[in-house]
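> Okay, predicted coordinates and the sequence, questions at the end:
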Amino acid sequence: MVGDVKENWLKLNGKAYKMIWIEIGNMPFCVIKAKRGYIACSYLDQKVAEKVGDIACVIPGVKSPQELARTRIRHVTSWAEDLGIVEGMSLRKALEILDN
């Protein structure tokens, strides 16, 4: 059975970002929303995000919200890349760019 959807706030960089966290299997599904785009776990299909024009970043799977602050961007759509977000960038820096 799929776990409950937990809508939380992730606090980083002195700001609060809306976050959805769902326990769905061996790894949780998470999405963090900023003003201009979002960051999601690797369950997100990057090709679909690219096709629909999303400003999106993909991070590797994390097991807890506490791990998010230490993770790095694994993939980006071309739309996110146009903003200056690159693979290997810290989640904190990517959120800073997505929030401005």
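Received, thanks.
> so how far is the longest helix seen in the chain off the chain centroid?
Counting residues, the longest helix found in the chain (DSSP state H) is helix 91-99. Centroid displacement of helix 91-99 relative to its chain, using C-alpha atoms, centre = their mean, to the nearest Å, is 10 Å.
> likewise stretch 55-71?
Distance of stretch 55-71 from the chain centroid (C-alpha atoms, centre = their mean) equals 6 Å.
> Not counting that stretch itself, show me its contacts.
If you take C-beta atoms under 8 Å, 6 or more residues apart in numbering as the criterion, stretch 55-71 is touched by 8, 10, 12, 19, 21, 27-28, 30, 32, 36-44, 46, 49-50, 72-77, 79-80, 83, 85, 90-92, 94, 98. All C-beta spots, glycine's among them, are computed from the backbone N, C-alpha and C.
> And those, which of them are buried?
10, 12, 19, 21, 28, 30, 32, 37-41, 44, 46, 49-50, 73, 75-77, 79-80, 83, 85, 91, 94, 98 (16 or more other C-beta atoms under 10 Å).
> What ranges does this protein have for its strands?
With DSSP state E as the criterion, the chain has strands at 5-12, 15-23, 28-33, 38-41, 56-59, 75-76.
> list the helices and strands the third one packs on?
It stands for strand 28-33. If you count contacts as 3 or more C-beta pairs under 8 Å, 6 or more residues apart in numbering; DSSP states H and E, strand 28-33 packs onto strand 15-23, strand 38-41.
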